[in-house]
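1. Okay, sequence plus prediction incoming.
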Amino acid sequence: MIHEIIHLALNKFKKNQGLLLGLILLNGLILRVAGLNDPITYDEAYTAVEFSSRSWWAALSDYSLPNNHIFHTLLARTSTLLLGQHLWSLRLPALLGGLALILFSFLAGKAIYSARTGLAAAALVAWMPELVNISTSARGYSLVAAFTMLNIWLAWKIIQQPERPKWLLLAIFSALGLWTVPVMLYPAGGTYLWLLLEGPKNRKFLSAWLASGLFTGLLGVLLYAPALIVSGWQRVLANGFVQPVDAAKYFDWVLAARLKDTWNLWTADVPGSLVILLCAGLILALLFHRRIQSGRWPVALALAGWTVLLILARRPEAFDRFWSWLLAPLLLLCTAGLVETCGLIKFKRLPLAGSLAGVAILALVVASLLAMPGIPGRWAKVGNPQASAQYLVSALRPGDEVLAGYPNNAPVWYYLKTAGIPENVWQADMNSSRYYLVLSTNQKDETLESILRSDKLDPARFDLPNAEKVAEYGKIQIFRCAIR
């Protein structure tokens with residue numbers, strides 16, 4: 001009886017897929033809005049203070065650190081200029097990227113497999129905790145993930161019907177992804193490899209494939225031209241974050257550790273039973289690939305193959321967020337394995353796949369709706385760096401300076417800046433008579449002396465023995481001291 005009700009409900013939804021997709025997008029929006037005002041992280045704060053709040057030219061050309069995800073920085077600057085300096089406006093481009101990822105996951109799933117797989121994959125992408133996290137962090141990772149799924153959808157359209165505008169769009173979106181974070185080289189290259197494997201082997205197709213790939217590279221160089229000219233090519237192409245790691249320790253230590261970190265990040269707050277189910281879906285998708293997809297090669301295999309080639313060639317220091325672009329394509333493959341192979345099974349003359357997809361989608365949507373009452377309280381919560389900054393705003397007098405160690409320095413700078421405190425207050429010099437030192441007690445090696453040395457100041461010139469602890473917020477202590 002319940003099975004029949006679910007099936008009838010799903011049939012009604014099939015008549016208006018837009019309604020169900022709208023519910024899934026609402027689900028994703030609710031989950032992301034809930035975390036949109038969470039305390040700012042170090043990388044977000046550093047990007048906001050050092051890049052997106054500068055001039056347009058500085059945002060385009062300053063690549064002193066890879067923290068500058070340039071395309072995202074420009075979007076964040078636009079958002080905060082139009083809507084004001086708020087945490088939610090800083091994170092708005094990442095949020096929109098996260099919502100676009102849900103939509104593009106549906107489009108890719110529907111095109112490659114079926115509408116029910118597209119909807120189920122979109123629902124899973126909307127709910128997945130790590131994909132929610134990158135959608136509420138003012139960084140470029142959600143944009144790269146969205147460009148990845150958009151390119152997969154475009155590539156499938158090209159395979160079905162190669163047309164010049166599609167090739168052009170593929171190159172443009174790939175270049176924009178590269179302009180956001182260079183890690184886009186992995187999904188872009190994997191998508192082009194998939195096209196080479198899956199597409200027709202005639203001269204016209206191969207010529208268009210080569211032209212599109214070359215245009216991607218040319219456009220990427222043009223977009224990075226200001227950074228290459230001003231910051232230098234070494235900052236962009238040979239910084240410490242992209243330099244190959246020593247081969248002697250890479251595969252048995254660095255890569256293993258990074259992949260373990262990535263797995264822990266992806267599965268955090270995910271029920272173990274769901275992890276097992278998704279792994280089973282991945283296996284089913286690979287085993288029954290020819291029966292559930294018309295193409296010869298799963299896109300995830302092409303992405304994985306290209307990634308392995310780059311790892312062997314470059315040995316990147318692949319931090320956990322480095323792989324965030326791969327999560328949605330894998331979820332699509334896992335979902336297809338579950339939904340499409342179940343579509344081969346009939347239960348009481350009803351398609352089991354439809355029922356499973358319907359139950360999963362509706363359960364995720366209902367779960368997010370139940371979470372809505374907790375959003376106001378989450379938004380009202382004040383983190384320790386913000387509380388510290390609020391205290392400093394009330395305590396600072398003209399001429400005072402604030403110095404903080406990692407990782408509290410950038411968040412404190414951000415909250416001071418949004419409160420209207422000028423930047424010279426935290427730009428260390430010896431022209432002030434009174435200093436506030438922000439100490440993190442959970443950083444074992446951090447002391448008042450180390451904070452001063454990190455700002456290239458001589459601790460001997462400060463009256464540290466008589467420094468007064470004036471405030472404490474969690475693991476953050478604030479000391480006030482004077483010059484000797």
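-> Everything's here; your move. Numbering: from 1, shown residues only.
2. what about the chain, any weak spots by pLDDT?
-> When residues are selected by pLDDT under 70, those of the chain lie in 1-16, 343-360, 364, 430.
3. which residue ranges form the strands in it?
-> For the chain, the strands defined by DSSP state E cover 346-347, 350-351, 401-404, 434-440, 468-473, 476-482.
4. what about dumping the CA coordinates of the last one to CSV?
-> What follows is the C-alpha trace of strand 476-482 in CSV, where atoms were taken according to Å, rounded to 0.1, in the frame of the first residue of the first chain:
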residue,chain,number,x,y,z
ILE,A,476,41.3,33.4,22.9
GLN,A,477,42.9,35.7,25.5
ILE,A,478,43.4,39.4,25.1
PHE,A,479,46.3,41.2,26.8
ARG,A,480,47.0,44.9,27.0
CYS,A,481,50.6,46.0,27.3
ALA,A,482,52.7,49.2,26.9
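5. So Gly305 sits against Tyr192, correct?
-> No - the pair Gly305 / Tyr192 is not scored as a contact, 11.8 Å apart, by Cβ atoms under 8 Å. All C-beta spots, glycine's among them, are computed from the backbone N, C-alpha and C.
6. In terms of neighbours, single out the busier of these two.
-> The neighbour count for Gly305 versus Tyr192, taken as other Cβ atoms under 10 Å, is higher for Tyr192 (22 against 15).
7. what sits against the more buried one?
-> The neighbourhood of Tyr192, defined by Cβ atoms under 8 Å, 6 or more residues apart in numbering, consists of 209, 212-213.
8. With Glu44 as the reference, measure out to it.
-> 32 Å (Cβ to Cβ, to the nearest Å).
9. likewise Thr73?
-> Using Cβ to Cβ, Thr73 is found at 11 Å from Glu44.
10. Pick out whichever of those two has more residues nearby.
-> Set side by side, Thr73 and Glu44 show more neighbours around Thr73, with 28 against 24, by other Cβ under 10 Å.
11. shouldn't that one be in contact with Val49?
-> No - counting by Cβ under 8 Å, Thr73 does not reach Val49; the two are 11.7 Å apart.
12. most surrounded residue in the contacts of Tyr192?
-> Result: Ser212 is most packed of these (other Cβ under 10 Å), 21 neighbours.
13. list the contacts for it?
-> Neighbouring residues of Ser212 by Cβ under 8 Å, 6+ apart: 167-168, 170-171, 192.
14. State the number of residues packed around the closest residue to Leu143 other than its chain neighbours.
-> Nearest residue to Leu143 in three dimensions, chain neighbours excluded: Gly97, at 4.1 Å (Cβ to Cβ, 6 or more residues apart in numbering). Neighbour count for Gly97, taken as other Cβ under 10 Å: 23.
15. quick one: Gly97 and Trp323, what's the gap?
-> Plainly put, Gly97 is 17 Å away from Trp323 if you go by Cβ to Cβ.
16. just to revisit the earlier point, got any residues that touch both of Thr73 and Glu44?
-> Listed as contacting both Thr73 and Glu44 by Cβ under 8 Å, 6+ apart is no residue at all.
17. Excluding sequence neighbours, find me the nearest residue to the residue nearest the centre of the chain.
-> By Cα atoms, centre = their mean, the chain has its centre lying nearest to Tyr141, at 2.7 Å. Excluding the flanking residues, the one nearest Tyr141 by Cβ to Cβ, 6+ apart is Ile134, at 4.3 Å.
18. do Leu87 as well
-> Nearest residue to Leu87 in three dimensions, chain neighbours excluded: Asn37, at 5.5 Å (Cβ to Cβ, 6+ apart).
19. Pull the number of nearby residues for the one you found.
-> Considering only other Cβ under 10 Å, Asn37 is surrounded by 19 other residues.
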